[in-house]
Each structure stands twice: as C-alpha cells, then as structure tokens.
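> sequence and predicted structure below; questions after.
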Amino acid sequence: MSRKVIIIGGVAGGASTATRLRRLNEDMEIVLLERGEYISFANCGLPYYIGEVIKPREKIFLMTPQRFREWYNIDVRINSEAISIDPIGQSVEVLDHQSGKSYRENYDYLVLSPGAEPIRPPLPGIDHPAVFTLRTVADMDRIYSFIQNHNPASAVVVGAGSIGLEMAENLQARGMAIALVELSSQVLPFLDPEMAALVQQHLREKGIALYLNDGAASFEETEGPGVAVTLRSGKKLGPALAILAVGVKPELKLAREAGLEVGMGIKVNRYLQTSQPNIYALGDAIEVTDFVTGAPALIPLAGPANKQARIVANNISGRREEYRGTQGTAILKVFDLTVAATGANERTLQQAGLPYKYCLIHPGSYAGYYPGSSPMALKLIFSPEGKIYGAQAVGRTGVDKRIDVIATALRFQKSVYDLQELELSYAPPYSMAKDPVNLAGYVAGNILQGDLPVITPAELLAAKQANGSLQLVDVREPRELEKDGFIDRAVNIPLGQLRSRIDELPRDRDLVLYCAVGMRSYIAVRILLQRGFTRVHSLLGGYRTYRALEKEMAENTAGLSQAQARKKGEA
C-alpha cells in the first residue's frame, strides 16, 4: 500500500526531504506545500543578488516547481499555506492563496520545515515601506526594487550578525553609506570579543559607521528616500534605507496549535520525530542538541537543515538513523576577510559551566616567502584535558579549510594532540610544512603541558586596570615599537638580547612577555623558565590581538559615554 507524506515548507529542508524520499520510494505519494511563490531557492544568496554580485535573478533558483514535478514526480503546491494540523485525524488544512479557498489533505507522515521568521520588534514606524527584513525572494525583490527606484544615498542596518554584515557589504557595493547598529558590544555573536575586534577594525577601515551598544528606537517619515532612524542613544540617522537583521525566531504557531511539544523550538527526538511519532520536524524551527555542551539550542544553519532532511527521509523510509547534534560550523565573507567558526565559544562554555583553555595564533595562510601570503587569527578552545571544544578564525585566505579540518576533528571528538598528528597537504602556494592546524595543536599542547604559561589579552587589560604590579616586557625590535606602538609601561628587551640582559628582569614580580603575535614571546618564556624564573607569562595572540581588543574597548567606552551624556542632557 502506497504511503502519503505531506511536507510543509519548500525551501532547503523541505525540498531536500522530498527529493530524498523520492529517491528511496518511487511509489510514495509526496505533497510539498509552500506558502510562497518559490521553492528551493538559494536563501543564503539573497544579499548577493541585492549587491549585484549574483546575476541574473534566475541564478537564485535551484529548482522550479515544474522541474520538481518532472524530475521527481512530486506534487508541488506553491501559494499553499498549511493553516492547521489535526494529529489525531492525520490531516492538514491548506489555504490556497490564489483561489482563497481552503481544503483538507490527509497524510500518513507529516514533515514540518517551516523555518524561522525575522524578528520585528514593536518599534514606532517599523511598518514604514522603507524598513525591510530579508528572508524570502519577495523580500529580496522589494529591497532591490526600492534601490532601483529611489537610489538611496545611505542605509542603516540594524543588527550585526551574519545577515547584517552581508547586507552592509552588499549595500555599500551599491554605492550607499552604511551605518551598522548593534545592541551588544560586538559584531557576530558566535565570535569571542578579541576575534570580533579584528572584524570591527576591518569594518571601520572599509568606511562602515559602527554603533555598538546601541539599537533602533524608532523609524520616522522624512524628506528624501527612506526613513529617519532614531537610536536608543538619541542619535538620529538618515534618511536611509533601513534593514532589520536583529535575528530570527522559529515558526512555531502550527506546531503549538497542533499540541506538539515545543521548547525553544519544536522538540524532536534523536530520530527527528516530534511528540507525535508520525510527524517529523527539521531545520531552523527545531530545538537541537548542542554537540559540544549537550544543551538544547537553536542553531539556524543551512548545512544542518540539509543533513536533517536526509535523516528524516531515511527514517520515514525505514532506514533508522539518528541526528547527533549541531556544532554550529559557520562562515561568511566580510569585505576582504573570511570569518569562520565551529563548536562552542567562550560564552557558551561559561553558560554550560565547562572549564576550558584556549590558544590564539597568527600563522600565515601559506608559506611566507610565497607571494600573497597573509596572516590569519586562529583561536582554538579546548578542555583542561585537551578535548577540542571549538575554533574561530579571521583572515583573508585559508580560513575555510582550517576551520573545516578542526570541525571534522571536533565531530569525531579528537583532542589538540590529534591536531598535532594530522598529515595535511603542503606546498608553498597552499600552506606551510607546519600547517596552522598543526601549529594550533602544538601551542595548545604546550599550554596544557606547562611549557607555555599564558595570559589572555582580556586578562591583561583587567590586570592593568586593577594594579600596576605586572612587569611587561616587549621582546620585539625597537623599529617595530616605533612603527606599531607598544603597551604602556613595557620595557623593551629584544629577544636576541634577552640572555645577556636577563639580570635586568625582577624575579619577584609577574612578568608578561609579548611580541607581535606570540612566537618570540614563547621563546622568551622558555628561556626564562629554564633560568629559574617562575612568574612568567606569554601574551596570547601578541600585541596584534591585544591592540585590536584595546582599541575596540576604547571605542565602546567612548560610545557609551556619549550616549549616557546625551540621555542625561535630554533628562
């Protein structure tokens, strides 16, 4: 007897479930319901169409409804919205937006892939036609049409997550001046502060006006194309095109009204079944298990959604398979930089109560003597026993493959010592004989084995504010200090002179040694430890990371002070 599957949602997760089901079951009846006009479109490509990086428009569409029917014999119904589910009677009420009529459709299995919707806070003026969110092709077309018709000179992007940064870059490519507004103290919440600082510096260099620790308060009609945006601090921006990118929330209405168990998202078991065993759910709408911490989480990413789709189809087809959690591997382009991460960051580990350590290095993307090599920042986070918890990287080239290698090691629960053993491809145009992944493993191992006592940039900044007992030692060459600056109250003893000048250093004080990125200070620490010094530390990430974090913290402090003064004046 042929079984019938109804799939609600026709973008990444729903479309992938449908095609996998057909490949496994030629006789199955498959109905795909999509409330919009399009299925299987490149959601992640929408900002790049607006920026005219991707063209023509047709490239956004991976599959048309007609081709879906022809290739897969799937009953695709666009403009068809599921408005209620009857789990007992195993039926779905569907509203046909073209005819305005509703009807009921029975199922043997139901798959929920409704996705997530952009958050729209209840702010005055938020419904103004120049205030946009970006989730669907229709959203994309509205933004593109507004730009074509009105040619706005500026844009305000509210929210500095991945979508916000991609929109900032692509709108600037269309000739607009960009203001990027973020309620928290940093961009990209999956990064730790010192890594986000590197991205923020790059954004400022590219002419993006950053307003951190601030948010949109209202949108008002104004002369010229766009709206006037008033920030919480009282600052007024515009007239401008406004993009809301403050996050997404899972679409839970259908599931909740159907009596399915709901938490942060739709609750599913390890087979992706909801509280009703013949109803499955996947994608941005479900509550997943964080692969590192084991805690419930919302991690809306396309890669996991597609994997979940395959698992759902396998389980419906009798091929029992588990989904083992999401580790949050992500990457994005930020102007000339690539930013990527996998696993847990420090904030997530702190919330989970898991102790951790980390290392931060600045290796070249490939051999330094080969033209075009550029440094990256690579942060590796690990347990006190060496288990890999996560990694973050920021750089111009080579970031993607390093994070992907570490993501693979994390998925298979490897340690920092395993990273040391990896045999990775090498030739001067592609890597170094000691790949950055190997180097991160070596540095992490040195920290765990006590060969490299370290202090983090954040710890040093806090210690400097708390007391002056630390003795800072800059082991760079004097010309580097003249060119790039130095940390206040540091003494300069170049590494090559350290052995002959070792008596200049006090043995009864904490010594913090630093260089540009941490390599020379590691050598210096090894020298001092073997000469009887016990209170020595190397600055993780070196002066480059410290200076970036210090500058961004100063920017944040200045911005907060101005906002507080403005509010005080208004009062």
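All right, it came through fine.
> quick one: neighbours of residue 235, just the number.
17 (other C-beta atoms under 10 Å). Placement of C-beta: from N, CA and C, glycine included.
> where does pLDDT dip in the protein?
Residues of the chain that meet the criterion pLDDT under 70 lie in 1, 466-468, 558-571.
> mind doing that once more with 80?
1-2, 464-469, 556-571 (pLDDT under 80).
> just the buried residues of stretch 251-258, please?
By neighbour count with 16 or more other C-beta atoms under 10 Å, stretch 251-258 contains the buried residues 251-252, 254-255, 258.
> burial measure for the closest residue to residue 475 other than its chain neighbours, as a count.
Using C-beta to C-beta, 6 or more residues apart in numbering and skipping the chain neighbours, the partner closest in space to residue 475 is residue 495 (4.4 Å). As a burial measure, residue 495 scores 18 neighbours (other C-beta under 10 Å).
> show me what contacts residue 495?
475-476, 515, 520, 523-524 (C-beta atoms under 8 Å, 6 or more residues apart in numbering).
> how far away is it from residue 164?
Between residue 495 and residue 164 the computed distance is 42 Å (C-beta to C-beta, to the nearest Å).
> what do you get for residue 201?
For residue 201, the distance to residue 164 - C-beta to C-beta - is 17 Å.
> these two: who's more crowded?
residue 164 (24 against 18).
> am I right that the more buried one falls within a helix?
Yes - Residue 164 forms part of a helix when assessed by DSSP: H, G, I helix; E, B strand; the rest coil.
> where do the helices sit along the stretch 1-150 of the chain?
Secondary structure of the stretch 1-150 of the chain (DSSP state H, counting those that start in this stretch): helices at 12-24, 46-50, 65-72, 137-150.
> which one, of the ones you listed, ends up nearest to residue 190?
helix 46-50 (17.8 Å; C-beta to C-beta).
> beta-bridge partners for residue 391, please?
Using DSSP bridges, the bridge partners assigned to residue 391 are residue 342, residue 380.
> surely it is in contact with residue 403?
Yes - at 6.0 Å, residue 391 counts as touching residue 403 under the criterion of C-beta atoms under 8 Å.
> which residues are in contact with both of those two?
By C-beta under 8 Å, 6+ apart, the residues touching both residue 391 and residue 403 are 341-342.
> what is the burial count for the nearest residue in space to residue 246 that is not next to it in sequence?
Spatial nearest neighbour of residue 246, chain neighbours left out: residue 159 (4.0 Å); criterion: C-beta to C-beta, 6+ apart. Using other C-beta under 10 Å, residue 159 has 26 neighbouring residues.
> so what's residue 159 up against?
181-182, 243-247.
> now, those residues that are in strands?
181, 243-244 (DSSP state E).
> what is the burial count for residue 148?
9.
> roughly how far does it sit from residue 142?
11 Å.
> same check on residue 324?
For residue 324, the distance to residue 142 - C-beta to C-beta - is 39 Å.
> then residue 100?
23 Å.
> more neighbours: the two, which one.
residue 142 (15 against 7).
> you'd agree the more buried one is up against residue 132?
Yes - assessed by C-beta under 8 Å, residue 142 is found in contact with residue 132 at 6.3 Å.
> got a list of what residue 472 touches?
487, 489-491, 511-514.
> actually residue 342, not the one I typed
327-330, 390-391, 403, 406-407, 410.
> go again with 6 Å.
Contact analysis of residue 342 by C-beta atoms under 6 Å, 6 or more residues apart in numbering lists 327, 329, 391, 403, 407.
> out of the residues you listed, who's the most crowded?
Result: residue 391 is most packed of the contacts of residue 342 (other C-beta under 10 Å), 28 neighbours.
> returning to that earlier point: would you format the buried residues of stretch 251-258 as CSV with distance to residue 24 included?
Output for those, formatted as CSV (distance: C-beta to C-beta, whole Å):
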residue, distance to residue 24
251, 27
252, 29
254, 26
255, 25
258, 26
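> and the residues you listed, which two are furthest apart?
The farthest-apart pair in those, when distances are taken by C-beta to C-beta, is 251 and 258, at 12.7 Å.
> overlap of the contact sets of these two?
By C-beta under 6 Å, 6+ apart, no residue touches both residue 251 and residue 258.
> so which of the contacts of residue 472 sit within strands?
Using DSSP E, the contacts of residue 472 in strands are 491, 511-514.
> make a ChimeraX selection of whichever of those turn out to be buried.
Buried members of those, defined by 16+ other C-beta under 10 Å, are picked up in ChimeraX with:
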select :511,512,513,514
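> how much space between the nearest residue to residue 477 once chain neighbours are set aside and residue 211?
The spatially closest residue to residue 477, leaving aside those adjacent along the chain, is residue 494, at 5.3 Å (C-beta to C-beta, 6+ apart). Separation of residue 494 from residue 211 (C-beta to C-beta) stands at 41 Å.
> quick one, which of those two is more surrounded?
Neighbours were tallied for residue 494 and for residue 211 using other C-beta under 10 Å; the higher tally belongs to residue 211 (22 against 18).
> so what pairs up with that one in the strands?
Applying DSSP bridges, one finds that residue 211 bridges with residue 181.
> does it really touch residue 181, like I thought?
Yes - Residue 211 sits in contact with residue 181 when judged by C-beta atoms under 6 Å, with a separation of 4.6 Å.
> so what's the residue count around the closest residue in space to residue 243 that isn't next to it in sequence?
Residue nearest to residue 243 in three dimensions, not counting chain neighbours: residue 157, with 4.7 Å by C-beta to C-beta, 6+ apart. Residues near residue 157, counting by other C-beta under 10 Å, number 27.
> make 21 the starting number, not 1.
Let's use 21 as the start, then, which means that last one is residue 177.
> quick one: secondary structure of residue 177?
With three-state DSSP as the basis, residue 177 sits in strand.
> residue contacts, it?
Per C-beta under 6 Å, 6+ apart, neighbours of residue 177: 184, 187-188, 200, 263.
> now, among the residues you listed, which is nearest to residue 63?
Looking across those and measuring by C-beta to C-beta, the closest to residue 63 is residue 187, at 13.6 Å.
> so which helix or strand takes in the closest one?
helix 182-193 (DSSP states H and E).
> now swap in residue 397 and tell me
strand 396-402.
> what of residue 527?
Going by DSSP H and E, residue 527 is not part of any helix or strand.
> which residue is the nearest non-sequential neighbour of it?
In space, residue 527 is closest to residue 553, 6.0 Å off (C-beta to C-beta, 6+ apart).
> end to end, how far does stretch 171-184 reach?
20 Å (C-alpha to C-alpha, to the nearest Å).
> wait, stretch 401-411
6 Å.
> can you give me the offset of that stretch from its chain's centre?
The chain centroid and the centroid of stretch 401-411 are separated by 19 Å under C-alpha atoms, centre = their mean, to the nearest Å.
> now do the buried residues in that stretch.
Neighbour-count burial for stretch 401-411 [16+ other C-beta under 10 Å]: 401-403, 406-411.
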